[in-house]
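Chemist: coordinates for the following, if possible.
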Amino acid sequence: MNYAKKKYINNFLKLIISLGLILFLLNQVDLADTIRLLQGADLIFIIMALVVLAAQVFIATARWWLILKHQKVDMRYKDTLQILWAGLFFSQSMPSSIGGDIGRGYYLKSRGMTISRATLRVLLDRLFGMAGLVVLVLFSLMLFVQLVNDPIARGGMFLIAGGGSFCILVLFFSDHLPGNFSHLRVIKGFYSLSKEGRSCITNRHNGLTILFYSILVHLFSIIAVILIVEGLGINLSWSGIMLIIPFITLLMVIPISIAGWGVREGGMIVGLGYLGVVPEEALVLSILYGFSTLLIALPGGIGWLIHRY
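Modeler: Purely as a prediction, here's the structure:
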């Protein structure tokens, strides 16, 4: 089976999983209550959430721009913003979330880089994005074990946090793993990423700033969720949102659905359910957040079309 056919099958399976999960969840809630919640949303708070998500794009751009600067890539912030925003659009609108990364890599290649170097620079941005998320997850885990006594819920959160932390450690230190692991081809492929990642984070000029932006990007997602919660009138504390959202975001990293659709909704219903949020409220919150991120990504697609034609 050739690569193209495998990719189509993979994307089709992701589509089936996303649609299947969403249809299953819709069947578990009261649709009349769900529609009433949507109709009663305060647009002022939704617009504020959109503004926060738009600001998030500029912070993510600043992070990647600093990474590129450390890699001796001479690129204006404006150009970096255009590339990243277009990548965000493709990640949100295409079956595969790596579509945006491929677009970013292709642009860097057009500036004279080799495919391997262009890919490395995109993966570095992904690495720091996940590192910032894992920091928040570990912080949320400390809150979670104090507020939630359910052993199954605790076990699930420990599993998610442990898996994310393990992946980050492997990605940052793949070239320092024990001999039995370091000889694996998949591990060797991350050697350059590990070395460059450590080089970025230990840089005395920008290292901490890059990590700070990585955390701030995810904090802005949490702020956007808080605003949508307020707009829907859901009885949920800010600390509760801070508790659950990082775990759900990390869960969405698993590439089994389209842009996290279905996985996010299921995670919201289960996670927020432990905090007393009814399934209808959690589902509407997740859907509104999902469409908000898609709407914010739209200017990236428009900019790409203008630049292309």
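Chemist: hey, where'd the helices end up in the stretch 151-300 of the chain?
Modeler: Under the criterion DSSP state H, counting those that start in this stretch, the stretch 151-300 of the chain contains helices at 151-172, 179-182, 185-188, 191-201, 207-232, 238-251, 263-273, 279-308.
Chemist: contacts for the first one next, please.
Modeler: Contact partners of helix 151-172, identified using CB atoms under 8 Å, 6 or more residues apart in numbering, comprise 127, 130-131, 133-134, 137-138, 141, 144-145, 148, 177, 187, 190, 193-194, 197-198, 201, 247, 250-251, 253, 274. All C-beta atoms are positioned from the backbone trio N, CA, C, and that covers glycine.
Chemist: next up, the contacts around the residue nearest to Leu81 when sequence neighbours are not counted.
Modeler: Once flanking residues are discounted, Leu81 sits nearest to Thr61: 4.4 Å by CB to CB, 6 or more residues apart in numbering. Thr61 makes contacts with Tyr77, Thr80, Leu81, Leu84, Trp85, as judged by CB under 8 Å, 6+ apart.
Chemist: in PyMOL, select just the buried ones from those.
Modeler: Provided next is the PyMOL selection string for whichever of these are buried by 16 or more other CB atoms under 10 Å:
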select buried, resi 80+81+84+85
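Chemist: just the contacts of Thr61 now: which is nearest Arg36?
Modeler: Arg36 has its nearest neighbour among the contacts of Thr61 in Trp85, at 34.7 Å by CB to CB.
Chemist: that closest one touches Ile302, doesn't it?
Modeler: No: with contact defined as CB atoms under 8 Å, Trp85 does not count as touching Ile302 (9.4 Å).
Chemist: picking up where we left off before, among the contacts of helix 151-172, the buried ones, what's the PyMOL command?
Modeler: Filtering the contacts of helix 151-172 down to the buried ones (16+ other CB under 10 Å) takes a single PyMOL command:
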select buried, resi 127+130+131+133+134+137+141+144+148+177+190+193+194+197+201+247+250+251+253+274
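Chemist: so for stretch 261-276, what gets flagged as buried?
Modeler: Buried-residue list, stretch 261-276, by 16+ other CB under 10 Å: 261-272, 274-275.
Chemist: kindly apply the preceding question to stretch 36-55 instead.
Modeler: So stretch 36-55, judged by 16+ other CB under 10 Å, has buried residues Leu37, Ala41, Phe45, Ile46, Met48, Ala49, Leu50, Val52, Leu53, Ala54, Ala55.
Chemist: number of nearby residues for the residue nearest to the fifth one when sequence neighbours are not counted?
Modeler: Spelled out, it's Met48. Distances taken as CB to CB, 6+ apart put Leu227 closest to Met48, at 4.9 Å, once the chain neighbours are dropped. Neighbourhood size, Leu227 [other CB atoms under 10 Å]: 23.
Chemist: could I get the buried residues of stretch 36-55 as a markdown table with pLDDT and secondary structure?
Modeler: Formatted as a markdown table, the buried residues of stretch 36-55 follow (pLDDT from 0 to 100; DSSP: H, G, I helix; E, B strand; the rest coil):
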| residue | pLDDT | secondary structure |
| --- | --- | --- |
| Leu37 | 91 | helix |
| Ala41 | 92 | coil |
| Phe45 | 96 | helix |
| Ile46 | 96 | helix |
| Met48 | 97 | helix |
| Ala49 | 97 | helix |
| Leu50 | 97 | helix |
| Val52 | 97 | helix |
| Leu53 | 97 | helix |
| Ala54 | 96 | helix |
| Ala55 | 97 | helix |
